[in-house]
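[1] This is a predicted model, with the sequence first.
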Amino acid sequence: MKRRKKNSKKKFALSLTILILFAFGIGIPLRKSIISKSNLNKSSTAYASSRYKADNIKNNPSQNTIDPNKNTKEKNNGTSSSTSTNVVNNSNISNKDFFSKAVFLGDSITEGMSFYEVLDQSHVVAKKGLTVFKAEKYINDITNLAPKNIFILLGNNDLFEETLTSKQFINEYNKLVGTLKTTLPNSKIYILSILPVTAKAEKENPFLANTRINEFNDTLKNMSKEQNLTYINVASVLNNSEKLYEPDGIHFKYDFYNLLLTYLKNYILNNKN
C-alpha cells in the first residue's frame, strides 16, 4: 500500500514537472504567436476591410527620419544664401506642422494619411470608393475647415468605370474645382496625379492600365493649366518600386505616405513664387 502511494506521488510530481515545462517552453511562444496574429488582424480602411497595416509600421525609427531634401532640386540656382537657408529650415518642419493649414480630399488612398497617422484626421476628407462624380457632397466639410491649401487626389475609383472617357472625367473634375474656387476663393488648390498601379493590378483590372491612367493624367494637367491650378505629378515618389504597394498593387503601405508628404512639402518650398 505504501509503495503504491509513493508511486502515485512520483507520477504526480512527474506530470506536474511536464506541465510546467510545457507552459514555459511552448505556452509562451504560443501566446506570442497569438498576440502577433491579433496585431496583424487590425483592418485598414485605406486598403480594404480585410487588410492590415504593414508588419513593420512604426517599428523602424528610420521611417521618421526621411531626408527632406532627397529627390528635390532648387528651383533657382542663383537663389541668395539667406533664401536657401530659409528653404532648408522650412523643410525640416514636420509634415504635420507643414500641412497644418491644408486639407486632402480623396478616396481610400487618401484615407491612408489619417489611418497611418501621418496627418491628423481633421486634415483629411476622404472616403473609400470616392469618385470625382461623388466628391462635391464633401465640399461643405472642406469649407468648414477653411483650409489655406487643398490637395485633391482622385481618379483611381473613376477608372473602375470601364466606359468612362477622359473627357467625361475631366468635365466632372472641372465642376468640382469650380465649386471649390467659388466656395473657397482664397484657398490654393493642388491637383495630384492619379497614381500608377503594378503590373499585377493591370493584369487583374485591365481598365486600370497605366496607359489609361496616363491619358487621364494628361487631361488633369491641361485642366490645371486652364484653371490656373498647380498640378503635381506624384508618380516619382514611387521611384518604380513595388515595395511601397499593398498586395493589391493599387493601395500603399505606411512608408509611402511619409515619402509623399515630404515630396509635396519640398515641391512647394522649391517652387514658391
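    Perfect, thanks for sending it. Numbering: from 1, shown residues only.

[2] Where do the helices of this protein begin and end?
    Shown for the chain, the helices assigned by DSSP state H span residues 2-22, 28-40, 81-91, 95-98, 108-115, 139-145, 166-183, 199-204, 210-226, 254-270.

[3] List the contacts of the shortest one.
    Put plainly, it is helix 95-98. Residues from elsewhere that reach helix 95-98, judged by C-beta atoms under 8 Å, 6 or more residues apart in numbering: 90, 118, 119, 120, 258, 261, 262, 265. All C-beta spots, glycine's among them, are computed from the backbone N, C-alpha and C.

[4] So for that helix, mean pLDDT?
    Taken as a whole, helix 95-98 has an average pLDDT of 96.

[5] before we move on, what about the third one?
    The predicted model assigns helix 81-91 a mean pLDDT of 47.

[6] do the same with the first one
    pLDDT averaged over helix 2-22 equals 52, rounded to a whole number.

[7] now swap in the last one and tell me
    When pLDDT is averaged along helix 254-270, the result is 97.

[8] List just the nearest of the contacts of helix 95-98 to residue 144.
    The closest of those to residue 144 turns out to be residue 120 (C-beta to C-beta; 15.2 Å).

[9] ok, the closest one - contacts?
    96, 114.

[10] again, only this time at 7 Å
    Neighbouring residues of residue 120 by C-beta atoms under 7 Å, 6 or more residues apart in numbering: residue 96.

[11] Just the pLDDT at it, thanks.
    96.

[12] where does the chain have low pLDDT?
    1-91, 273 (pLDDT under 70).

[13] how far away is residue 241 from residue 186?
    Separation of residue 241 from residue 186 (C-beta to C-beta, to the nearest Å): 38 Å.

[14] wait, residue 142
    On the measure of C-beta to C-beta, residue 142 and residue 186 end up 13 Å apart.

[15] So these two - more neighbours on which side?
    More neighbours surround residue 142 than the other of residue 142 and residue 186, with 20 against 8 (other C-beta atoms under 10 Å).

[16] Now for that one: which residues touch it?
    Residue 142 neighbours (C-beta under 7 Å, 6+ apart): 103, 105, 125, 150.

[17] Go through those residues and flag which are in strands.
    Among those, the ones falling in strands (DSSP state E) are 103, 105, 125, 150.
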